[in-house]
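K.L.:
predicted model follows, preceded by the sequence.
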Amino acid sequence: TGAGSGLGRLFALEFARRRALLVLWDINTQSNEETAGMVRHIYREMAEEAAAAAPGVAGDGEKDVLPHCNLQVYTYTCDVGKRENVYSTAERVRKEVGEVSVLVNNAGVVSGHHLLECPDELIERTMMVNCHAHFWVT
């Protein structure tokens with residue numbers, strides 16, 4: 001979750017380098033798709049490296065064990081601060097991708113205000129995304 005920027009993007013790119021099939025969620029469709037494009041670039045580079053390697057030649061060990069095929073990335077726009085949006089997106093993922101084996105649940109809101117200067121709506125949004133959403137997504 002929160003794959004469109006920051007730590008979420010960094011996690012996505014690192015998991016891509018480790019040949020993971022990725023399901024990326026973010027409230028921002030554009031930044032989520034940008035992350036997916038970066039992931040696809042990593043997948044293409046790995047495929048090109050694999051194609052360039054001569055079959056039967058010993059490599060660095062890890063690359064010989066892990067497959068290079070079927071690397072995919074799926075993107076979903078989801079507001080994790082809205083419980084029903086989380087539940088409906090999770091159901092779509094189950095139907096379209098399958099069960100999730102590892103969840104990096106890192107979406108978060110930073111208000112940038114001191115508590116006493118923060119409007120009630122922002123406090124509520126912060127609690128929904130930074131606390132409640134973690135239970136709903138899990």
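P.N.:
Everything's here; your move.
K.L.:
could you use CA atoms for every contact and neighbour count after this?
P.N.:
Fine.
K.L.:
which element is the residue nearest to Ser5 when sequence neighbours are not counted on?
P.N.:
Excluding the flanking residues, the one nearest Ser5 by C-alpha to C-alpha, 6 or more residues apart in numbering is Ser31, at 6.7 Å. Remark: Ser31 resides in helix 29-52, with elements defined by DSSP states H and E.
K.L.:
ok, and what's touching that helix?
P.N.:
Residues outside helix 29-52 that contact it (C-alpha atoms under 8 Å, 6 or more residues apart in numbering) are 3-5, 9, 12-13, 16-17, 19, 24-26, 68-69, 71-77.
K.L.:
from those, which would you call buried?
P.N.:
Neighbour-count burial (16 or more other C-alpha atoms under 10 Å) applied to those gives 3-5, 9, 12-13, 16, 19, 24-26, 68, 71-73, 75-77.
K.L.:
how close does Leu7 sit to Ala53?
P.N.:
Distance, Leu7 to Ala53, using C-alpha to C-alpha, to the nearest Å: 32 Å.
K.L.:
now swap in Glu117 and tell me
P.N.:
59 Å.
K.L.:
any idea which residue sits dead centre in the chain?
P.N.:
Central residue of the chain (C-alpha atoms, centre = their mean): Leu24, 3.3 Å from the mean position.
K.L.:
not counting sequence-adjacent ones, nearest residue to that residue?
P.N.:
Per C-alpha to C-alpha, 6+ apart, closest to Leu24 is Thr75, 4.8 Å.
K.L.:
just after the worst-scoring helix or strand of the chain on mean pLDDT, pick out the following helix or strand.
P.N.:
Ranked by mean pLDDT, DSSP states H and E, the weakest helix or strand in the chain is helix 62-65, scoring a mean of 47. For helix 62-65, the following helix or strand on the C-terminal side (DSSP H and E) is strand 73-77.
K.L.:
hmm, who's touching that following strand?
P.N.:
21-29, 32-33, 36, 39-40, 89.
K.L.:
derive a ChimeraX selection command for the buried subset of these.
P.N.:
Burial among those is assessed by 16+ other C-alpha under 10 Å; the matching ChimeraX selection reads:
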select :21,22,23,24,25,26,27,28,32,33,36,39,40,89
